[in-house]
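Novice: Coordinates only, no sequence provided:
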């Protein structure tokens, strides 16, 4: 084999290796998992979309926000809970609410999948990997990241994603202000 052919083969092998390394990196980003979530929604596949949401963690975090908001607006209840030991009472109420909130999260995922993400839903996400990388602001920590997306019609959405052992990411929490906003709009309750 000539040295020119060998150099060409080496260059092609290097290019393939670089492409594989870039793909491996991209597959481990929250944006990639979010684009797959949006793709599942657009394909009307609720089960595939739900694989990118840790429903229990989202429900527990949202339950905490709902309880805190309720107690903030109901002084008598808050005072009674303080007398009982508010921390323990909040925890019990949060655990009791979690199944209802989890059912609501699953219902929203199903609704989003039924409409392909185009209907009136609680969450609207950018579709496509290029858009996910361009439109999302990501503040990444070791094992989780906060993602921020601004939809011109619905405003800012901020949520936490956590990396899984298989390198994929799941939505695990929504920004408390976002949850409160949807409580007031009546769309989360």
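Specialist: That came in fine, so what should we check first? In this text, all values refer to a predicted model and were calculated from it rather than measured experimentally.
Novice: which residues of the chain fall in strands?
Specialist: 137-140, 144-151, 155-163, 169-174 (DSSP state E).
Novice: Pick out the residue closest to the middle of this structure.
Specialist: residue 171 (2.7 Å; C-alpha atoms, centre = their mean).
Novice: How much space separates that one from residue 60?
Specialist: 13 Å (C-beta to C-beta, to the nearest Å). Every residue, glycine included, has its C-beta placed from N, CA and C.
Novice: so where do the helices sit in the protein?
Specialist: 3-27, 30-42, 46-50, 55-73, 75-84, 86-115, 129-135, 176-185 (DSSP state H).
Novice: Nearest to residue 163, out of these?
Specialist: helix 30-42 (7.7 Å; C-beta to C-beta).
Novice: counting contacts, what elements does that closest one pack onto?
Specialist: The helices and strands touching helix 30-42, judged by 3 or more C-beta pairs under 8 Å, 6 or more residues apart in numbering; DSSP states H and E, are helix 46-50, helix 86-115, helix 129-135, strand 137-140, strand 144-151, strand 155-163, strand 169-174.
Novice: I'd like to know which of those has the weakest mean confidence.
Specialist: Here the helices and strands packed on helix 30-42 differ in mean pLDDT, and the lowest is helix 129-135 at a mean of 65.
Novice: re the thing from before, tell me which of the helices and strands packed on helix 30-42 lies nearest to residue 77.
Specialist: helix 86-115 (9.8 Å).
Novice: and that closest one, how far out from the chain's middle?
Specialist: 15 Å (C-alpha atoms, centre = their mean, to the nearest Å).
Novice: what's the answer for stretch 146-158, then?
Specialist: Averaging C-alpha positions (C-alpha atoms, centre = their mean) puts stretch 146-158 12 Å from its chain's average.
Novice: Equivalent analysis for stretch 1-21, please.
Specialist: Distance, centroid of stretch 1-21 to centroid of chain: 40 Å (C-alpha atoms, centre = their mean).
Novice: Ok, stretch 34-47 next?
Specialist: The answer for stretch 34-47 is 12 Å, by C-alpha atoms, centre = their mean.
Novice: Pick the most buried one from the helices of the chain.
Specialist: helix 30-42 (a mean of 22; mean count of other C-beta atoms under 10 Å).
Novice: could you give the angle of that helix to strand 155-163?
Specialist: Per axes from the mean of the first three to the mean of the last three C-alpha atoms, to 10 degrees, the angle that helix 30-42 makes with strand 155-163 is 110 degrees.
Novice: neighbours around the residue lying closest to residue 28 once chain neighbours are set aside, how many?
Specialist: What sits nearest to residue 28 in space, not counting adjacent residues and going by C-beta to C-beta, 6 or more residues apart in numbering, is residue 167, at 4.2 Å. As a burial measure, residue 167 scores 13 neighbours (other C-beta atoms under 10 Å).
Novice: State the phi and psi torsions of residue 167.
Specialist: Main-chain torsions, residue 167, degrees, to the nearest 10: phi 80, psi -10.
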